[in-house]
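In: Starting from these lines, generate the structure:
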Amino acid sequence: MREIELAPLPEELGTRLDLFIASRLPQLTRSAAQRLIESGYVLCGGKALNKSHRITGQTVRVSLPDPAHDIAEPEDIPLSVVYEDDWLLVVNKPKGMVVHPGAGNRSGTLVNALLAHCSGRLSGIGGVMRPGIVHRIDKDTSGLLLVAKTDAAHQSLSEQLARHSITRIYHAVVTGRLREPEGVVDAAVGRHPVHRKRMAAGVPGGRRAVTRYRVIKELRGHTYIECRLETGRTHQIRVHMSHIGHPLLGDSVYGAPKPKIALPAGQCLHAKALGFRHPADGRDMLFDSPLPDYFARALAALRETDGH
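Out: Next up, the predicted model:
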């Protein structure tokens, strides 16, 4: 059993307990947070609460039971490590790699590689299937990911995520041409009411999500953009850009038409820049990842069709 104390931030006061836990512990879904609450693993002032309890200024204590089975195993998989010290790592995840084991992906994940690279020395807050994972990116999204080695580092970085003080900048190619050179999409994101494996914008019960974008270059029928996340909801950029009528190139799940040129499978989305405050000494850290080959090839192909 592992215990975590979560001190609410001023802007979190009044939030439902299940939403508060799910936002602070991104390794947990809202339904998983609800199961913990219903099982008495969440206390506030020494008392068990219900899932609809509204957060006050009191610290919330969450007990995470040890899983009875399913332990991620270390695997000797090459890793692109951008930065590493005794508290954390920044890794550059390739397109096509799943972040942690799950249904249909029991091995070959980033977590399997991390367990081997770090000799098992990773934060345990995420549980045995998600050790060290502070935040996630999709299988077909490439780029920078933050990993915690210690529980103290994990908790500090999770609090920075909750305060929206971590810089996360993505590059993407979307279909069509945007009317304005920059803009903001402010639309709540939640589970799609019909297609449960998808997310949707503007659905009842969705959580507030904000994406800022700017145009980098216009291409024939497409636009190369930069997106800056203020929040980090599941599939946020993909859902938001589809919501305003410009799904990501290659993202058939959220409405992108089949490209007329040969391109790698999946969406054209790269987590390019990552900035945060170091949990041990407070240093401002900022990392940038060059565009991977698949992204550069897509841009080159689109420029050729544009005649440039």
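
In: Now stretch 290-305 - C-alpha only, PDB.
Out: Coordinates of each C-alpha in stretch 290-305 appear next as PDB, following Å, rounded to 0.1, in the frame of the first residue of the first chain:
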ATOM      1  CA  PRO A 290      14.100  18.100 -33.400                       C
ATOM      2  CA  LEU A 291      11.400  17.000 -35.800                       C
ATOM      3  CA  PRO A 292      11.600  13.300 -36.400                       C
ATOM      4  CA  ASP A 293      12.100  11.800 -39.800                       C
ATOM      5  CA  TYR A 294       8.400  10.900 -40.400                       C
ATOM      6  CA  PHE A 295       7.300  14.500 -39.700                       C
ATOM      7  CA  ALA A 296      10.100  16.000 -41.900                       C
ATOM      8  CA  ARG A 297       9.200  13.600 -44.700                       C
ATOM      9  CA  ALA A 298       5.500  14.600 -44.400                       C
ATOM     10  CA  LEU A 299       6.400  18.300 -44.600                       C
ATOM     11  CA  ALA A 300       8.700  17.700 -47.600                       C
ATOM     12  CA  ALA A 301       6.000  15.800 -49.400                       C
ATOM     13  CA  LEU A 302       3.400  18.500 -48.800                       C
ATOM     14  CA  ARG A 303       5.800  21.200 -49.900                       C
ATOM     15  CA  GLU A 304       6.400  19.300 -53.100                       C
ATOM     16  CA  THR A 305       2.700  19.200 -53.800                       C
END
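
In: Could you tell me which residues within stretch 277-294 count as buried?
Out: By neighbour count, with 16 or more other C-beta atoms under 10 Å as the criterion, the buried positions of stretch 277-294 are 279, 285, 287, 289, 292, 294. All C-beta atoms are positioned from the backbone trio N, CA, C, and that covers glycine.

In: Assign the second one to helix, strand or coil.
Out: Right, the one you point to is Met285. Look at Met285: counting by DSSP: H, G, I helix; E, B strand; the rest coil, its state is strand.

In: again, but for the last one
Out: When classified by three-state DSSP, Tyr294 comes out as helix.
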